[in-house]
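Q: pasting the sequence and the predicted coordinates here, then a few questions.
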Amino acid sequence: MAVSTSRSNKLKDEVYKAAVDHAGKNDNKEIILKFYEENPTSPIDDQGDTVLHVLALHRTEVACELLQLEMHHGLLAKNCKGNTALHEASRVGALKLAKLMVRKENSIVDHSNLVGETPLYWAAAYGQTKMFQFLAEKSNHSNLMGLRRNDGLTILHAAVMGEFYDLAKEIVDRYPPFLAVACNEEKKTALHLLAQSPFLFRSGTLYSEMNVADSSFIPLALLKLMIYSCLSIPVEDPNKGNLTDPEDSREPEDGRSSIKGKKRNYFSTSNC
């Protein structure tokens, strides 16, 4: 029994190493293929990730090949945090892979993780605009269900907290007004969070940061105006320093929101 378990763990280690191999050698792809055909929903790491979870982050082209196979793919399999492989594809903007997943299992778009985050939420939180647009068309969210997580943060909160203001504007335009005035557990709307951006306000204005924070009435027009204000601000201002993450100098990726913001730690950090 111990020998069998040891062999199984060794095989999973080999599959995991092949799945994260960005070089994409053909010889190790065969290891992935053989394991996947026999164990599509079997975890290959200590986080409960399946082959597709890992490939979605590291080798999306191989994941797309696997989904062409005529077999049961087990796409609704979740890791220990409740994430499906579509969650992982959503946060890196793997649109081709996401389309294949939804084609195989359309209900996957509405599955949330343990803290109530859907793939749509992750697309908003990571500024993946094209992915967000695709999932928004495929999802079945007619009310706040699926648009907010367990602590009340909505997809609009997520986009604002990530400073993806062009995506935030699209969310305001796409969804009914109730989303703009939805509060989290701390009774804060997305506008309250937006008000924490100090470069939006000038002292003495009617809607100063303090006034907005104390207001119980949030005009939708004001929210749109503030988002437009963010969009009009250049990414780099020589008089105010760099407004972007100094450790991230990459150009926006395909499908990513055009204004790259700082990642906020508002995801679940609990371990298995």
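A: Sure, I can see it.

Q: what lies in contact with the helix or strand containing Lys96?
A: Per DSSP states H and E, Lys96 falls inside helix 95-104. Around helix 95-104, the neighbours that count as contacts under Cβ atoms under 8 Å, 6 or more residues apart in numbering are 56, 60, 63-64, 67-68, 73, 75, 85-86, 89-90, 108-109, 119, 130-131, 134-135, 138, 255. C-beta here means a position set from N, CA and C on the backbone, and glycine is covered the same way.

Q: how about the helices in the stretch 1-150 of the chain?
A: For the stretch 1-150 of the chain, helices defined by DSSP state H, counting those that start in this stretch occupy the ranges 2-19, 26-38, 51-58, 60-66, 85-92, 95-104, 119-125, 129-138.

Q: go through those helices and name the closest to Gly152.
A: helix 119-125 (12.2 Å; Cβ to Cβ).

Q: and the contacts of that closest one?
A: Residues from elsewhere that reach helix 119-125 (Cβ under 8 Å, 6+ apart): 84, 86-87, 89-91, 93, 98, 108-109, 111-112, 117, 128, 131-132, 135-136, 139, 141, 146-149, 155-156, 158-159, 161-162, 164, 167, 171, 266-267.

Q: dump the C-alpha coordinates for that helix into PDB.
A: Taking only C-alpha atoms (Å, rounded to 0.1, in the frame of the first residue of the first chain), the coordinates of helix 119-125 have been written out as PDB:
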ATOM      1  CA  PRO A 119     -14.900  33.500 -12.700                       C
ATOM      2  CA  LEU A 120     -16.600  36.800 -13.600                       C
ATOM      3  CA  TYR A 121     -15.500  38.300 -10.300                       C
ATOM      4  CA  TRP A 122     -11.900  37.200 -10.900                       C
ATOM      5  CA  ALA A 123     -11.900  38.700 -14.400                       C
ATOM      6  CA  ALA A 124     -13.000  42.000 -12.900                       C
ATOM      7  CA  ALA A 125     -10.500  41.800 -10.100                       C
END
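
Q: Throw the helices of the stretch 1-150 of the chain into JSON lines and include distance to Pro176, thanks.
A: Formatted as JSON lines, the helices of the stretch 1-150 of the chain follow (distance: least, Cβ to Cβ, whole Å):
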{"stretch": "helix 2-19", "distance to Pro176": "41"}
{"stretch": "helix 26-38", "distance to Pro176": "41"}
{"stretch": "helix 51-58", "distance to Pro176": "31"}
{"stretch": "helix 60-66", "distance to Pro176": "34"}
{"stretch": "helix 85-92", "distance to Pro176": "23"}
{"stretch": "helix 95-104", "distance to Pro176": "24"}
{"stretch": "helix 119-125", "distance to Pro176": "15"}
{"stretch": "helix 129-138", "distance to Pro176": "13"}
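
Q: which of those sits most buried?
A: Of these, the one with the most neighbours on average (mean count of other Cβ atoms under 10 Å) is helix 119-125, at a mean of 29.

Q: what mean pLDDT does it get?
A: For helix 119-125, the mean per-residue pLDDT is 97.

Q: burial of the nearest residue to Ala124 once chain neighbours are set aside, as a residue count?
A: Closest residue to Ala124 apart from its sequence neighbours, by Cβ to Cβ, 6 or more residues apart in numbering: Ile155 at 4.1 Å. Using other Cβ atoms under 10 Å as the criterion, Ile155 is surrounded by 31 other residues.

Q: I'm done for today, thanks for sticking with me.
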